[in-house]
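[1] whatever this is, show me its structure:
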Amino acid sequence: MDTYTSITTFFQSGGTFMLPIALVLTVGMAIAIERWRFLEKALFANQKDYTDLLPMLRSNHLDKAQQYASGSESAIARIVVAAVETMEASPRRDDIQSAMQEGILETVPRLSKRTNYLSILANICTLLGLLGTIIGLIAAFSAVAHADPADKATLLSQSISVAMNTTAFGLVAAIPLLLIHSVLQNKTVEIVDSIEMAGVKFLNAMVRGNQVPVATRAAES
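    Below is the predicted model:
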């Protein structure tokens, strides 16, 4: 109960800018939770499809791999669909690689979507805290100017203490948002790197599976 009372008193004494900071923090946490769940889901789906698709490609079961990938929404499945469709038109390695790279480039914006908002919201929290403190100090000095000289020191110290609460709350809100932003960015980079690694392995498996031995080519000609 003491902790709750302290938090309530701290929030109430901070002034009107405490509410906008709390609102920005709530929006930031909602974005963070949504992005974390999305990235976790994307990572799990990519790992599962990678495990299932790689043996198919190594066995040169391209039709089976394409059918499997067409029913999945993971980034790895999309690049496999693009690669198989390109291979049907042109078996050149460079063309297949370009199709895969295009699929990877289309995936990156979806993974990093809204993550950069967290750093922006963190800066907004900090700036709102500073603005609230400055306005609080202006009001404090204005009140002190008309106060009794004997009470000026006490009144000024109390007013400054209340005004600083806004800055403190702004920093309390900004620091977690910045930390979460960094974690999400690192997780996004990890997923993109895993997709690129899977793309290289898929490409090598597809090219090797469709190579015709030299002796066979000589016999056919």
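[2] helices of the chain, residue ranges please.
    For the chain, applying DSSP state H gives helices covering 2-13, 18-58, 62-70, 75-89, 93-112, 116-145, 152-209, 214-220.
[3] shaky segments in the chain?
    1-2, 4, 7, 10-14, 143, 145-155, 157-159, 209-221 (pLDDT under 70).
[4] circling back to that earlier point, out of the helices of the chain, which one sits most buried?
    helix 75-89 (a mean of 21; mean count of other Cβ atoms under 10 Å). Yep, even glycine has a C-beta here, placed from its N, CA and C like the rest.
[5] using PDB, list the CA coordinates for that helix.
    Taking C-alpha atoms only, helix 75-89 is exported to PDB below (Å, rounded to 0.1, in the frame of the first residue of the first chain):
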ATOM      1  CA  ALA A  75       9.700 -15.500 -45.300                       C
ATOM      2  CA  ILE A  76      11.700 -18.600 -46.100                       C
ATOM      3  CA  ALA A  77       8.700 -20.200 -47.800                       C
ATOM      4  CA  ARG A  78       8.200 -17.100 -50.000                       C
ATOM      5  CA  ILE A  79      11.800 -17.100 -51.200                       C
ATOM      6  CA  VAL A  80      11.500 -20.800 -52.100                       C
ATOM      7  CA  VAL A  81       8.400 -20.200 -54.100                       C
ATOM      8  CA  ALA A  82      10.200 -17.300 -56.000                       C
ATOM      9  CA  ALA A  83      13.200 -19.500 -56.600                       C
ATOM     10  CA  VAL A  84      11.300 -22.500 -57.900                       C
ATOM     11  CA  GLU A  85       9.200 -20.300 -60.200                       C
ATOM     12  CA  THR A  86      12.400 -18.600 -61.500                       C
ATOM     13  CA  MET A  87      14.100 -22.000 -62.000                       C
ATOM     14  CA  GLU A  88      11.300 -23.200 -64.200                       C
ATOM     15  CA  ALA A  89      11.900 -20.200 -66.500                       C
END
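[6] who's in contact with that helix?
    By Cβ atoms under 8 Å, 6 or more residues apart in numbering, the surrounding residues in contact with helix 75-89 are 42, 45-46, 49-50, 53, 57, 62, 65-66, 68-71, 95-96, 98-100, 102-104, 106-107, 110-111, 191, 195, 198-199, 202-203, 206, 210.
[7] now that helix and helix 152-209, what's the angle there?
    30 degrees (axes from the mean of the first three to the mean of the last three Cα atoms, to 10 degrees).
[8] phi, psi of residue 90?
    Per-residue torsions, residue 90: phi -150, psi 120 (degrees, to the nearest 10).
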